[in-house]
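In: Structure for the following, please:
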Amino acid sequence: MAEQGKINLNTASYEDLQHIGEIGDECARRIIEEREKRGGFQSMDELDEIGGFGREAVKNLKAQAHL
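Out: Model prediction:
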């Protein structure tokens, strides 16, 4: 189900991901790599498992994105 105004982490482009606060080049790349490795995210909690993200970045992702 789409959520109004939120970015879908399973379909977002590299550029889309960079529009989320606290997400820079490296974090956007890691999200895409992890998404491809997993065949897509099943839960927002999987973001906690991606290395290199601070608490604030994960918090922003969860607030501004959906699956």
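In: what stretches of this structure score poorly on pLDDT?
Out: Applying pLDDT under 70 to the chain picks out residues 1-2.
In: what separates Gln4 from Ser43, distance-wise?
Out: 21 Å (C-beta to C-beta, to the nearest Å). Glycine gets a C-beta too; all of them are placed from N, C-alpha and C.
In: In terms of neighbours, single out the busier of these two.
Out: Ranked by neighbour count (other C-beta atoms under 10 Å), Gln4 and Ser43 place Ser43 first, with 9 against 5.
In: tell me the contacts of the closest residue to Ile20 other than its chain neighbours?
Out: Computed as C-beta to C-beta, 6 or more residues apart in numbering, the closest residue to Ile20 that is not its neighbour in sequence is Gln64, at 4.8 Å. Contacts for Gln64 (C-beta atoms under 8 Å, 6 or more residues apart in numbering) come out as Lys6, Ile7, Ile20, Gly21.
In: Just the buried ones from those residues?
Out: Ile7, Ile20 (16 or more other C-beta atoms under 10 Å).
In: And the contacts of Gln64, which is closest to Leu47?
Out: The closest of the contacts of Gln64 to Leu47 turns out to be Ile20 (C-beta to C-beta; 11.2 Å).
In: Was I right to think that closest one contacts Val58?
Out: No: using C-beta atoms under 8 Å as the test, Ile20 is too far from Val58 to be in contact (10.8 Å).
In: How many residues are close by the residue nearest to Gly40 when sequence neighbours are not counted?
Out: Leaving aside its sequence neighbours, Gly40 sits nearest to Asn10 (C-beta to C-beta, 6+ apart; 4.5 Å). Applying other C-beta under 10 Å, we find 14 residues neighbouring Asn10.
In: Okay then, goodbye and thanks.
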